[in-house]
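J.: Fold the following and give me the result.
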Amino acid sequence: MSRASRALLALLLTAAVSCGDDSTSLFLRVEGADGATQLELRGLRDGEPWFGPERRPEQEGAPFSGEQTLRLRFNTPPGVPFELQVDALTNGVPFARTRVEATPRKGEELELRLTLSPIPDEPGPQPDGGTPDGGTPDGGTPDAGEPDGGTTDGGNPDAGEPDAGTPDAGTPDAGLPDAGGSVCTTCVQPGGACVPTTSARACGGSGLECVDCVADGRANQCTASGACSCGTRGTPCGEGERCEGDTCVCDPDTCAGCCQGNVCRNGTTNDACGRNGATCAACGILTCRNSQCSL
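T.: From the prediction side, this is the model:
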């Protein structure tokens, strides 16, 4: 696909609802994804899943060629770093990957240049040096030997014993045959078991660790691409919100800031001021201080 005819792959990944001054964003330039038909993104904090996996485009299209651009916009505390993983997929199987630590800045867009590296192939079957597999030594026949044909000094044939010979001491195959392995396209549970089908309690893809979507109350389903979702929105509810009946809800039980409809705001801005899940207030000519409109 020529540079002139290639459309930019502009991806909007919403890990939480973003609006107004609370949003932060990353602009990614990705190299090394030639031949891929999808990119998969996921975020981790302190080694734990934070958002994703998300595949873009959602449906496989023509293979990529050259640099791809992605934009991620989401709500997150500014200055708090997280690890971003980007995989290049073909037929749903990752073949190249990179990981980078990013520290978003509130109200600014951070540009990152990423280069994907091929994922090493898994090693093939190797002798494991373990317990013999029950094989038998080779079936070589002992040397039967023959009496030598010499003549004793008494004129009688030599009564020497036949050569007893020694069986071939071939060593049995040392170990069980390597069972090999297959690529896990869903997710793996603790201990390494690949789940046959994803669910809200075991969600993910590309052989990464399964995520419990309902644990924090912000999602109730697992999408076909292995991402947690509240209803059909494709992503979990935002921070301070809960998923109820396939809908994101903001109330005093979940939101420490203020509720603007069903969206939880941090409650510290003039156009959305408040706390403890109360309805956000617009301060107008006043100023929002300590989540209260005041002079």
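
J.: Mind checking what secondary structure residue 58 has?
T.: Under DSSP: H, G, I helix; E, B strand; the rest coil, residue 58 falls in the coil class.

J.: pretty sure it is touching residue 225, no?
T.: Yes: with contact defined as C-beta atoms under 8 Å, residue 58 counts as touching residue 225 (6.8 Å). The way it works is simple: take the backbone N, C-alpha and C, and place the C-beta from them, glycine included.

J.: The two: which has the busier surroundings?
T.: Shown here are residue 58 and residue 225; by other C-beta atoms under 10 Å, residue 225 has more neighbours (21 against 13).

J.: Now for the closest residue to that one other than its chain neighbours: which residues touch it?
T.: Excluding its sequence neighbours, the residue lying closest to residue 225 (C-beta to C-beta, 6 or more residues apart in numbering) is residue 55, at 4.6 Å. Taking C-beta atoms under 8 Å, 6 or more residues apart in numbering, we find residue 55 in contact with 38-40, 89, 225, 227.

J.: want to try TSV for those, with distance to residue 120 as columns?
T.: Rendered in TSV, the data for those read as follows (distance: C-beta to C-beta, whole Å):
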residue	distance to residue 120
38	21
39	20
40	18
89	17
225	24
227	26
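
J.: By neighbour count, which of those residues wins?
T.: residue 227 (28 neighbours).

J.: surely that residue meets residue 49?
T.: No: applying C-beta under 8 Å, one finds residue 227 not in contact with residue 49, separated by 10.3 Å.

J.: returning to that earlier point: show me what the residue nearest to residue 225 bridges to in the sheet.
T.: For residue 55, the beta-bridge partners are residue 40 (DSSP bridges).

J.: follow-up on the earlier one: please produce CSV containing the contacts of residue 55, extended by pLDDT and distance to residue 196.
T.: Output for the contacts of residue 55, formatted as CSV (pLDDT from 0 to 100; distance: C-beta to C-beta, whole Å):
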residue, pLDDT, distance to residue 196
38, 90, 22
39, 89, 25
40, 90, 20
89, 86, 20
225, 90, 17
227, 93, 18
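
J.: Heading C-terminal from the lowest-mean-pLDDT helix or strand in the chain, find the next helix or strand.
T.: Using mean pLDDT, DSSP states H and E, the weakest-scoring helix or strand in the chain turns out to be strand 12-13, at a mean of 40. Using DSSP states H and E, the helix or strand that follows strand 12-13 in sequence is strand 23-31.

J.: per-residue confidence averaged over that next one?
T.: Average pLDDT, strand 23-31: 80.

J.: One more: stretch 250-270?
T.: 95.

J.: Give the buried residues for it.
T.: 250, 254-255, 257-260, 262-269 (16 or more other C-beta atoms under 10 Å).

J.: For it, output the C-alpha coordinates as PDB.
T.: Taking Å, rounded to 0.1, in the frame of the first residue of the first chain, the C-alpha atoms of stretch 250-270 are listed here in PDB:
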ATOM      1  CA  CYS A 250     -22.300   7.400  39.100                       C
ATOM      2  CA  ASP A 251     -23.500   7.800  42.700                       C
ATOM      3  CA  PRO A 252     -22.200   8.500  46.300                       C
ATOM      4  CA  ASP A 253     -21.300   4.800  46.700                       C
ATOM      5  CA  THR A 254     -18.600   4.900  44.000                       C
ATOM      6  CA  CYS A 255     -17.600   8.500  43.200                       C
ATOM      7  CA  ALA A 256     -15.400  10.500  45.600                       C
ATOM      8  CA  GLY A 257     -15.800  13.600  43.400                       C
ATOM      9  CA  CYS A 258     -19.100  14.700  41.800                       C
ATOM     10  CA  CYS A 259     -21.500  13.200  39.300                       C
ATOM     11  CA  GLN A 260     -22.100  14.900  36.000                       C
ATOM     12  CA  GLY A 261     -24.900  12.700  34.800                       C
ATOM     13  CA  ASN A 262     -23.500   9.200  35.000                       C
ATOM     14  CA  VAL A 263     -19.900  10.400  34.700                       C
ATOM     15  CA  CYS A 264     -17.700  10.700  37.800                       C
ATOM     16  CA  ARG A 265     -15.600  13.900  37.800                       C
ATOM     17  CA  ASN A 266     -12.800  14.800  40.200                       C
ATOM     18  CA  GLY A 267     -14.900  17.700  41.400                       C
ATOM     19  CA  THR A 268     -12.100  20.300  41.400                       C
ATOM     20  CA  THR A 269     -12.900  22.400  38.300                       C
ATOM     21  CA  ASN A 270     -15.100  25.400  38.000                       C
END
